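[1] Sequence and predicted structure, then a few things I'm wondering about:
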Amino acid sequence: MSEDKAVTTPAKSGGATLTRDTAPGEVLLKVTGLQKHFPIRKGLLQRQVGAVHAVDGIDFEVRSGETLGVVGESGCGKSTMGRLITRLLEPTAGKVEFEGQDITHLGVGGMRPLRRDVQMIFQDPYSSLNPRHTIGTIVGAPFRLQDVTPAGGIKKEVQRLLGVVGLNPEHYNRYPHEFSGGQRQRIGIARALALNPKLVVADEPVSALDVSIQAQVVNLLDDLQQELGLTYVIIAHDLSVVRHVSDRIAVMYLGKIVELADRDQLYKSPMHPYTKALLSAVPIPDPRRKEAKSERILLKGDVPSPIAPPSGCRFHTRCWKATQICTTAEPPLVELRPGQQVACHHPENFEDQQPQDTVLLTVAKEAAELVADEVLAESAQTSAALAAEVRTDEDAAGSGTGEAAEPAAAADDATGPAGSTESAGSTGPAEEPDEPAKGDAKGDDK
Ligand SMILES: Nc1ncnc2c1ncn2[C@@H]1O[C@H](COP(=O)(O)OP(=O)(O)OP(=O)(O)O)[C@@H](O)[C@H]1O
Ligand code: SF4
Ligand SMILES: [Mg+2]
């Protein structure tokens, strides 16, 4: 996370930090042309009749020590991307490199060392912890899976980790149902941190939590990053969350990255119309935007089906700037400004965009409309409440720790990278031989 916030980590990590092979700022993870198509099969013979283009050719890098935020509407492929880079899913095409090593098709044995370095925190703190296992078993699972015995023993290390995430070490023998959603998310985070990972991929780590609890979890992740030198990929559908935690932000639409930019640049001067639309629905902190009624855009309709994405620019069915070329030619993701990559034929805030007299598609003109403040009131309320709760530089001192309160989320005890399991939460037919089965990790009450 980018801001120089005071470190108020609940407990000292005590020698837990690994020696890093990748210096801060160097590329830790590199993704090239990454694709995941889920086959759709039908009939007795289960013939493939199509595919869900969940992730459809994306390129990006994650540098050591940074936080890359990934945002986009539901179904745009964020979780699939997260599972691909943590190797919970086998890509259809493309390449994933971690610390310069090609890990795209590593088998179980080859992935074993990587499982220590790359961890995932899942969205749902209620289904991601096995209700039949104690907290001690859940947080200690990665040690057993990797056959690692920490100095002082597993129990002592687990109790230390519980302290690090702001939970009471005495809770070692309790069960998940005895904790709130926020506390469960902290348990998940403790589990993800057990093996001192280099990269943590957090898939909507706070979206299942109350707004006030969200801020505590976001702050905890921030503190942990500073203390342990972690690198994050944080997935969210809400720009208000990633705004506070990201150094750079990737905006996804229908399986593609449409804009990738430094956080401040993206908020100050978004260049992709979709980014602009997403931002206009988050009328938080900037008082100047309060007056900017005409800048608010409400996208109509749902995201088109990823089974048959629109031709050309996938956003053309909802874009108010779409022209003929947008329907036929797919715009490549190119760096239009230093640190700002955009995939658009007529980017915003860019002098070289097409002349304003370019004929707009009728359908596109109708695809978006300006909306009244009331329509956005609900999202504004949520965003503002979160923004108010998230600690700023000024109020950072004295916040943050102690009360065993919230977050959550890592996958269940024992599988995946760090032993995580999470249901795909997806629709449609799927393959996924390498997807851990959900098992019994459900059924909690709170
Ligand atoms: N195992 C699967 N089999 C078939 N389709 C899948 C599978 N997993 C995901 N999908 C589909 O791939 C697309 C992308 O799903 P994904 O879960 O990655 O989206 P997302 O951006 O994380 O959405 P959300 O914000 O709702 O979590 C969706 O259309 C989804 O239905
Ligand atoms: S202007 Fe064209 S290329 Fe740019 S986002 Fe809109 S439809 Fe896509
Ligand atoms: Mg998801």
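    Cool, the structure landed. Ligands and ions are numbered 1, 2, ... in the order given.
[2] which residues touch the residue of the stretch 51-200 of the chain found nearest ligand 2?
    Proximity to ligand 2, evaluated over the stretch 51-200 of the chain using CB to the nearest ligand atom, is greatest for Gly72 at 13.7 Å. Heads up, the C-betas are built off the backbone N, CA and C, glycines and all. If a contact means CB atoms under 8 Å, 6 or more residues apart in numbering, then Gly72 has Lys78, His237, Val251, Met252, Tyr253 as its contacts.
[3] For the fourth one, which non-adjacent residue is closest in space?
    In this structure, Met252 finds its nearest non-sequential neighbour in Gly72, 3.5 Å apart by CB to CB, 6 or more residues apart in numbering.
[4] And for the third one?
    Beyond its immediate neighbours in the sequence, the residue positioned closest to Val251 (CB to CB, 6+ apart) is Glu259, lying 4.5 Å away.
[5] which SSE is that neighbour in?
    If you go by DSSP states H and E, Glu259 is part of strand 256-262.
[6] Ok, Tyr267 next?
    helix 263-268.
[7] and whatever residue of the stretch 251-400 of the chain ends up closest to ligand 1, how many neighbours?
    Closest approach of the stretch 251-400 of the chain to ligand 1 (CB to the nearest ligand atom) occurs at Pro306, with a separation of 4.6 Å. Pro306 has 22 neighbours, counted by other CB atoms under 10 Å.
[8] show me what contacts it?
    Applying CB under 8 Å, 6+ apart, the residues near Pro306 are Val52, His53, Ala54, Asp56, Gly75, Gly77, Leu254, Gly255.
[9] still on that earlier bit, what's the closest of the contacts of Gly72 to ligand 2?
    Nearest to ligand 2 among the contacts of Gly72, counting by CB to the nearest ligand atom, is Tyr253 at 8.5 Å.
[10] So which bits of stretch 208-227 are buried?
    208-209, 211, 213-227 (16 or more other CB atoms under 10 Å).
[11] Okay, helices next: where are they in the stretch 101-250 of the chain?
    108-117, 135-146, 154-164, 181-193, 211-228, 239-245 (DSSP state H, counting those that start in this stretch).
[12] Using TSV, lay out the ones you listed together with mean pLDDT and distance to Val31.
    Below are the helices of the stretch 101-250 of the chain laid out as TSV (pLDDT from 0 to 100; distance: least, CB to CB, whole Å):
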stretch	mean pLDDT	distance to Val31
helix 108-117	86	15
helix 135-146	92	24
helix 154-164	93	29
helix 181-193	92	20
helix 211-228	88	21
helix 239-245	83	18
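[13] just so I know, which of those helices lies nearest ligand 1?
    helix 239-245 (12.4 Å).
[14] ok, how many other residues are close to Phe179?
    24.
[15] ok, now which ones touch it?
    With CB under 8 Å, 6+ apart, Phe179 has these contacts: Ile135, His171, Ile187.
[16] For Val52, which non-adjacent residue is spatially closest?
    Closest to Val52 by CB to CB, 6+ apart is Phe38, at 4.2 Å.
[17] isn't there a helix covering the one you found?
    No. Secondary structure of Phe38 (DSSP: H, G, I helix; E, B strand; the rest coil): strand, not part of a helix.
[18] quick one: it and Val55 touch, right?
    No. Contact between Phe38 and Val55 fails when scored by CB atoms under 8 Å: they sit 9.8 Å apart.
[19] who has more neighbours, the two?
    Val55 (33 against 24).
[20] contacting residues for that one?
    Here Val55 is in contact with Leu34, Gln35, Lys36, Gly77, Thr80, Met81, Leu84, Pro91, Gly255 (criterion: CB under 8 Å, 6+ apart).
[21] Just the residues you listed: which are in strands?
    Leu34, Gln35, Lys36 (DSSP state E).
[22] Ligand 1 contacts on the stretch 51-200 of the chain?
    Residues of the stretch 51-200 of the chain lying close to ligand 1 (CB under 6 Å from any ligand atom) are Val52, Ala54, Gly72, Ser74, Gly75, Cys76, Gly77, Lys78, Ser79, Thr80.
[23] and with 5 Å instead?
    Applying CB under 5 Å from any ligand atom, one finds that the stretch 51-200 of the chain approaches ligand 1 through Val52, Ala54, Ser74, Gly75, Cys76, Gly77, Lys78, Ser79, Thr80.
[24] in the stretch 101-250 of the chain, what residue is nearest ligand 1?
    Here the residue of the stretch 101-250 of the chain nearest ligand 1 is His237; by CB to the nearest ligand atom that distance is 4.8 Å.
[25] Distance check, the residue nearest to the spatial centre of the chain against Ile85.
    Nearest residue to the geometric centre of the chain (CA atoms, centre = their mean): Ile235, 1.2 Å. Per CB to CB, to the nearest Å, Ile235 is found 11 Å from Ile85.
[26] Same question for Val342.
    22 Å.
[27] ditto for Pro310
    Pro310 sits 26 Å away from Ile85, going by CB to CB.
[28] Compare these two (neighbour count), which wins?
    Neighbours per residue, other CB under 10 Å: of Pro310 and Ile85, the larger number sits with Ile85, 26 against 17.
[29] Surely that one touches Thr32?
    No. Between Ile85 and Thr32 no contact is recorded; they are 11.6 Å apart, counting by CB under 8 Å.
[30] before we move on, back to that, out of the contacts of Val55, who's nearest Ala202?
    Distance to Ala202, by CB to CB, is smallest for Met81 among the contacts of Val55, at 12.6 Å.
[31] okay, now the closest one: neighbour count?
    For Met81, the neighbour count with other CB under 10 Å is 28.
[32] Name all residues that make contact with it.
    Counted by CB under 8 Å, 6+ apart, Met81 has contacts Leu34, Lys36, Val55, Ile58, Val70, Ile235, Met252.
[33] could you redo the last one with a cut-off of 7 Å?
    Val55, Ile58, Val70 (CB atoms under 7 Å, 6 or more residues apart in numbering).
[34] does the first one have beta-bridge partners, and which?
    Following DSSP bridges, Val55 is listed with bridge partners Lys36.
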